[in-house]
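Q: Coordinates for the following, if possible.
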Amino acid sequence: MRSFTRKQHYVVLFCLLALVLLPRLPFQGPYLYNGDPVAYFSGAETILEESKYLIDGKVPIWPVGTSATLVPFIFTAKLFGANAETAAFWHGLFFIYIAVASTYLLGKRLFNPAAGIIGAILLAFSESPFIHSINSASDPGALAMLVSAVYFMHLFLDTQSPKDLFLSFFLLGLAFVFRWNYVFFLPLFLIYLVGDRRIWAFHLYPSFWGLGALGFLIGILPQLYINFSHFGNPLKIGYAQLDYSEQFVFSIMVYLKNIVRVVYRVLFTWDFFSPLLAMFGVLAVVSLWKERRRDIFWLFAPWILLGTLSVIYFGVKPRLLMPIMPPLFLIGAEGVVRTFSALRRIAVFKNVSRPVIVTVFTVMAVVLFAPMFVRSLLHAYGHYEDKVTMQKAFRWAGENLQDPEGNIITQPYYAGQNDDWLRAGWDVWASKRYSGKKIRSLAYPETWQHETQNWVVVNRFWFEGNNLRVQDSNEIHARFDSLRSARDMELKFAFYGKSEPLALKKMNILSYYPVDFLQYKPAFEVWGPSE
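A: The predicted model follows:
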């Protein structure tokens, strides 16, 4: 595989920018959804307006990285007269592009430019990176810092430049400032350098420990300052406000179950473009093992292992597996490149020109991987329509609920309450932001059963049929019907979003997600006391 020139690398980076930007443009705001993105955005607004990091007037449990980096995006949006919430989209887009570009740069150094390009494209179009990069989520920022840190560490081994060493540890520290669970990656560089027998770096470069420690310290300095200003202790983090003592209990069965779930997600869900990519990945692993590529195994194996530690304990959610996507995608991409090289050597292709082979192989790859991109696009479309319609419904309910004693009861999916948040007194969610009212969840009757002036906002879609995407939907439906009957409520207004494109829905069947056979169409209803 011939090396690219510097200009060719710039062309690739520009093309990757287009691939990241264009499919996401239809889903730009202004809108926010769920708890964490709303919290990050609210924290950024407080930093901008009051020069302090608070959310809803309370000390945040979240690290400051996402809110701090949102500030310039919000400032720019306001400067140009745009809705401030559009900043959430451009913030996510910026950081996912950094992650995609860094994946390419890392891949072309470890393998070749083709593997880097394929791995970067897979990351750009994968479901979780796609859906969480069109809002103010913390995952794209943390992922971008981690992949960039690994790239600069690998670059340092060639250049022995103090700038590259400093940047690698600085970015690793910043990753922790975006998401707490990235603390598990702290030993990654040391495991890699020792395991791959790169310990010469410690001796050849005496300032390794000093520069590394300084870079990491400066990276986490913003969080240390925030911790000290809130608690008087730079090492005490926001989660200390929640009592997790009962949750930190060792359970071997929980660990084993979650390990199996992680393996299943990697091998059989489209977030990882699997199982097709896994087949190419196995080919690459076998080939790399024969070639004794210690550098690959001592970098990627700890990366994947450390990235799954917090997931195995706290629960297997697709977005929490985003940190291990770059190494897995790059391994799979290398398998694709090796398969292409093997095909070129067989007799039937020997007399065929290289451009023809590349074209045929590209068409084959597009056809094989099309279901994955369809899945990402369809999920993003449904998510976008849901949140835009939800915003209209809750804003209308808040404006028309004149009773100062009245709150809004809604489905758990839109209330965002759980035992931990209720215990800590947290009430940060998109429904509250847009309605301006306190939110009550149908899942917690004790929070609203003595309040008689409440209105109710529900998405009727989650009550239709045997819906598998919302837990206890039948029980919540029955509770809503009982509440509506007991309080003699009437329908005040209804808001309907657009249905998912039928063509995409049919193509999504190829991804064998049976839960998505229902064509999603948001149907929000606002109920209040009869007049």
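
Q: The residue nearest to residue 296 when sequence neighbours are not counted: neighbour count?
A: Spatial nearest neighbour of residue 296, excluding adjacent residues (C-beta to C-beta, 6 or more residues apart in numbering): residue 288 at 5.4 Å. Quick note: C-beta positions are derived from backbone N, CA and C, even for glycine. Neighbours of residue 288 under the rule other C-beta atoms under 10 Å: 20.

Q: Enumerate the positions of the helix or strand that contains residue 288 that are buried.
A: Residue 288 is part of helix 276-290 when elements are defined by DSSP states H and E. Buried residues in helix 276-290, counted by 16 or more other C-beta atoms under 10 Å: 276-278, 280-281, 283-285, 288.

Q: Nearest to residue 311 among those?
A: residue 278 (18.2 Å; C-beta to C-beta).

Q: Just to check, the closest one is in contact with residue 332?
A: Yes - the pair residue 278 / residue 332 is scored as a contact, 7.2 Å apart, by C-beta atoms under 8 Å.

Q: For residue 41, give me its contacts.
A: By C-beta atoms under 8 Å, 6 or more residues apart in numbering, the contact set of residue 41 is 32, 67, 70, 74, 85, 87-88, 136.

Q: measure residue 165 to residue 215 for me?
A: Residue 165 is 7 Å from residue 215, where distance means C-beta to C-beta, to the nearest Å.

Q: about what we covered before: out of the contacts of residue 41, who has the most neighbours?
A: residue 136 leads the contacts of residue 41 on contacts (other C-beta under 10 Å) with 32 neighbours.

Q: Can you pull out the low-pLDDT segments for the protein?
A: By pLDDT under 70, the low-scoring segments of the chain are 1-4, 243-250, 314, 347-350, 424, 465-471, 509-517.

Q: starting at the chain centroid, how far to the lengthiest helix in it?
A: Ranked by residue count, the top helix of the chain under DSSP state H comes out as helix 354-400. The chain centroid and the centroid of helix 354-400 are separated by 15 Å under C-alpha atoms, centre = their mean, to the nearest Å.

Q: what does stretch 101-119 give?
A: The mean C-alpha position of stretch 101-119 is separated from the chain mean by 21 Å, C-alpha atoms, centre = their mean.

Q: re the thing from before, counting neighbours, go ahead and name the busier of residue 165 and residue 215.
A: Legend: neighbour count by other C-beta under 10 Å for residue 165 and residue 215, higher for residue 165 (26 against 23).

Q: Can you tell me the SS state at residue 453?
A: coil (DSSP: H, G, I helix; E, B strand; the rest coil).

Q: from what I can see it touches residue 405, true?
A: Yes - when contacts are counted by C-beta under 8 Å, residue 453 is listed as touching residue 405 (4.9 Å).

Q: Please identify which of these two sits among more neighbours.
A: Higher neighbour count among residue 453 and residue 405: residue 453, with 14 against 9, using other C-beta under 10 Å.

Q: quick one, phi psi at the more buried one?
A: phi -100, psi 10 (degrees, to the nearest 10).

Q: Can you tell me the closest non-neighbouring residue to it?
A: residue 406 (4.0 Å).

Q: and the gap between the one you found and residue 421?
A: Relative to residue 421, and taking C-beta to C-beta, residue 406 is found at 22 Å.

Q: who are the neighbours in contact with the nearest residue to residue 318 once chain neighbours are set aside?
A: Nearest residue to residue 318 in three dimensions, chain neighbours excluded: residue 128, at 4.6 Å (C-beta to C-beta, 6+ apart). Listed by C-beta under 8 Å, 6+ apart, the contact partners of residue 128 are 139, 271, 318-319, 321-322, 325.

Q: which residues of the stretch 101-250 of the chain fall in helices?
A: 113-125, 127-131, 139-159, 162-178, 188-195, 200-204, 208-231 (DSSP state H, counting those that start in this stretch).

Q: that older thread, ok, the residue nearest to residue 296 touching residue 298?
A: No - the criterion here is C-beta under 8 Å, and residue 288 misses it with residue 298 at 11.6 Å.

Q: ok, residue 362 to residue 134 distance?
A: 27 Å.

Q: circling back: ok, which pair from the contacts of residue 41 is furthest apart?
A: So, the contacts of residue 41 by C-beta to C-beta: farthest apart are 67 and 85, at 14.1 Å.

Q: tell me which element residue 43 falls in.
A: helix 35-50.

Q: With residue 263 instead?
A: Applying DSSP H and E, one finds residue 263 within helix 252-268.

Q: Name the residues of that helix that are buried.
A: For helix 252-268, by 16+ other C-beta under 10 Å, it's 258, 262, 265-266.

Q: ok, so of these, who is nearest residue 307?
A: Distances from residue 307 to the buried residues of helix 252-268, taken by C-beta to C-beta, are shortest for residue 262, at 9.7 Å.

Q: Domain-wise, how is this structure divided?
A: Domain ranges of the chain: 6-351, 376-529, per automatic domain parsing.

Q: Reformat those into CSV and put distance to residue 370 next to each item.
A: Below are those laid out as CSV (distance: least, C-beta to C-beta, whole Å):
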stretch, distance to residue 370
domain 6-351, 10
domain 376-529, 7
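
Q: And those: which comes nearest residue 366?
A: domain 6-351 (10.6 Å).

Q: Show me how far the closest one is from its chain's centre.
A: 9 Å.

Q: Do me a favour and get the end-to-end distance for it?
A: 31 Å (C-alpha to C-alpha, to the nearest Å).

Q: gap between residue 233 and residue 226?
A: For residue 233 relative to residue 226 (C-beta to C-beta), the value is 11 Å.

Q: the more surrounded of these two?
A: residue 226 (23 against 11).

Q: For the closest residue to that one other than its chain neighbours, grab the count of nearby residues.
A: Closest residue in space to residue 226, ignoring its immediate chain neighbours: residue 64 at 4.8 Å, by C-beta to C-beta, 6+ apart. Using other C-beta under 10 Å, residue 64 has 21 other residues around it.

Q: Many thanks, I have nothing further to ask.
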